[in-house]
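Enquirer: Next comes the sequence, and after it the predicted model I'd like to discuss.
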Amino acid sequence: MAEIDGVRQWLDRAAEFLRGQLQWFGGQIAPGAVTHVAIPAHPSRVDNTDPGRYRFEAVANLTWRDDPTAVHRAAHALRTTGWTVDMHRDPDFPTVVTVVGTKDGYRMQARTEEGYGGIVLLGETPDIVLYEDDPLPTPSPAVTPETLSPGALLCYECDGLGHCPVCKGRGWTKGGSTGRIRCRECLGSKVCPVCGGAGELHIADLTDEARVHYPDLG
Ligand SMILES: [Zn+2]
Ligand SMILES: [Zn+2]
């Protein structure tokens, strides 16, 4: 796959900008603490986009003390520098409070936990198309003729793929003002509506309508 001219360089600069922003963010939350930002050597693909978009994802672990004011400093620091801020408590882990800031496609997040001194900072550069031609990878089939369960046949709708044959497991098809519309076949569920994702149908469970698709069954 050929890279689009200049995009990788742009992403590398974006990663360095993000590193600086996270170091600043860490300093605002935990004054005097050193923020070591880790960024992988290569950008990662954002799932489920076509063409594929890429971004750098950064992480930093801050050593701090159990400090309930840290989240407020995080939110305040972002808000006063033009970031859009969202603060929420994890419904499954109510002691975990996350502050998320977004600005110009960048995203920074501080994750704190009551009763625990560590603070995790996460960052993302904007998503960008990196390669000339980068279609979604095709998911592997749920079953093949070799891996069928005893007494089962390949699903007549998806031929064993398990994912929706119309949207190819994306849940959306191209169209509409946003470029995407919810798949009319699977209603966005991504799985084959006939077999529910199994890729196979058990002969004993076939309805009369389904049997029509298997003339060899007699
Ligand atoms: Zn679909
Ligand atoms: Zn199916």
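Expert: Sure thing, it's come through. Ligands and ions are numbered 1, 2, ... in the order given.
Enquirer: Now do the buried residues in the longest helix seen in the chain.
Expert: Identified as the longest helix of the chain according to DSSP state H is helix 7-29. Residues of helix 7-29 classed as buried: 8, 11, 14-15, 18-19, 21-23, 25-26, 28-29 (neighbour count, 16 or more other CB atoms under 10 Å). Every residue, glycine included, has its C-beta placed from N, CA and C.
Enquirer: ok, those vs ligand 2, which is closest?
Expert: Ligand 2 has its nearest neighbour among the buried residues of helix 7-29 in residue 11, at 38.4 Å by CB to the ion.
Enquirer: Contacts only, for that closest one.
Expert: Going by CB atoms under 8 Å, 6 or more residues apart in numbering, residue 11 touches 43, 54, 55, 56, 125, 128, 130.
Enquirer: Not counting sequence-adjacent ones, nearest residue to the first one?
Expert: The one in question is residue 43. Setting aside the residues directly before and after it, residue 43 is nearest to residue 54 in space (CB to CB, 6 or more residues apart in numbering), at 4.1 Å.
Enquirer: Show me what the one you found is bridged to.
Expert: residue 45, residue 128 (DSSP bridges).
Enquirer: burial measure for it, as a count.
Expert: 21 (other CB atoms under 10 Å).
Enquirer: The host helix or strand of residue 181 and ligand 1 in contact?
Expert: Using DSSP states H and E, residue 181 sits within strand 180-182. No: Strand 180-182 does not reach ligand 1 (CB under 5 Å from the ion); its nearest approach is 8.4 Å.
Enquirer: which other residues reach the helix or strand just after that strand?
Expert: Sequence-wise, the next helix or strand beyond strand 180-182 is strand 200-202, with elements assigned using DSSP H and E. Outside strand 200-202, the residues within contact range by CB under 8 Å, 6+ apart are 142-143, 148-149, 151-156, 160, 194-195, 210.
Enquirer: buried subset of those residues?
Expert: Using 16+ other CB under 10 Å, the buried members of those are 142, 143, 152, 153, 154, 155, 160, 194, 195, 210.
Enquirer: Redo those as CSV? Include secondary structure and distance to ligand 1.
Expert: Putting the buried ones among the contacts of strand 200-202 into CSV (DSSP: H, G, I helix; E, B strand; the rest coil; distance: CB to the ion, whole Å) gives the following:
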residue, secondary structure, distance to ligand 1
142, coil, 15
143, coil, 19
152, strand, 23
153, strand, 22
154, strand, 18
155, coil, 14
160, coil, 16
194, coil, 12
195, coil, 13
210, helix, 19
